[in-house]
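Q: Sharing a model that was predicted from the sequence below.
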Amino acid sequence: MKFNTIYSLGSRCQNSEILKKYNYREFAGFFDFMNTQTVYKFNHILHDDFNEILKRENNVALVCNQLTIDPETGVKLPTSIRTSNKFYNIDYNDVHAAIFPHHDLTSHKDYNHFIKCKERFKKLVNYNVLFNYTFNIWENNISVADMESIVNILKKTHGFKNFKVCFIGLRKDQTTGYRKVQTNEFYDVWELTILPSSFSGGAFSSDKSNEDYINIIKSYNIENKRITKEEIDK
């Protein structure tokens, strides 16, 4: 299958930041620069068709007095607004557990951005999509059953037929590299090992690890001319 687009499913910022760095991100997706934290939260968001995550009464804006890098612009922000969600965050006043570390969903601008992202996600059913989900093994070590659940939700809840999910499990070690662990009709499992000092939550501080990541993506049959922002927003 030749893929028309690559779409990040999270679970943290590194997916979108690295895709953006290497020009494989043509438009913003719903899970870009989110921290869904666990596969269970992610699965619920997807199975629930984004309902609870987008309920205005669930979202709480929190001030973060910690240096943050804006993932879209690269601007350093001494303070920022994060959004916690009452449905998905038990302690929704904990700024460090906020599910949206870079957006304020109590603002019309950011809320409407995610409405637009949901609309884009719905339109992807008409294309061949390479989804990718990266999980940090030390905090969110997902199982084969979890992976198959994601595939089934994409099929049954959202009607996707022409797709594959590239699961990348991230490890920390002194010996870096990547390898394919498992392959199936609708998903592959990869293991990517980076230096412990390279993990930043976003793009890795080691160029080699970023290149290893993008080489996994490049191993798929991807169209040179992919879906543009203008096309998906028609």
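A: Perfect, I can see it now.
Q: Name the nearest residue to I216, ignoring sequence neighbours.
A: W190 (5.3 Å; C-beta to C-beta, 6 or more residues apart in numbering). In short, each C-beta sits where N, CA and C put it, glycine included.
Q: Can you dump the C-alpha atoms of the lengthiest helix in the chain in PDB for me?
A: Secondary structure of the chain per DSSP state H: the longest helix is helix 108-123. Provided in PDB are the C-alpha atoms of helix 108-123 (Å, rounded to 0.1, in the frame of the first residue of the first chain):
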ATOM      1  CA  HIS A 108     -12.000  29.900  21.600                       C
ATOM      2  CA  LYS A 109      -8.800  29.800  19.400                       C
ATOM      3  CA  ASP A 110      -7.400  26.600  20.800                       C
ATOM      4  CA  TYR A 111     -10.800  24.900  21.200                       C
ATOM      5  CA  ASN A 112     -11.700  25.600  17.600                       C
ATOM      6  CA  HIS A 113      -8.300  24.400  16.500                       C
ATOM      7  CA  PHE A 114      -9.100  20.900  18.000                       C
ATOM      8  CA  ILE A 115     -12.600  21.000  16.500                       C
ATOM      9  CA  LYS A 116     -10.900  21.500  13.100                       C
ATOM     10  CA  CYS A 117      -8.400  18.700  13.900                       C
ATOM     11  CA  LYS A 118     -11.300  16.300  14.600                       C
ATOM     12  CA  GLU A 119     -12.900  17.200  11.300                       C
ATOM     13  CA  ARG A 120      -9.500  16.400   9.500                       C
ATOM     14  CA  PHE A 121      -9.300  13.100  11.300                       C
ATOM     15  CA  LYS A 122     -12.800  12.100  10.000                       C
ATOM     16  CA  LYS A 123     -11.800  12.900   6.400                       C
END
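Q: partner strands of the lowest-mean-pLDDT helix or strand in the chain, parallel or antiparallel?
A: In the chain, no helix or strand scores lower on mean pLDDT, DSSP states H and E than strand 68-69, which sits at a mean of 86. Looking at strand 68-69 with DSSP bridges, its partner strands are strand 76-77 (antiparallel).
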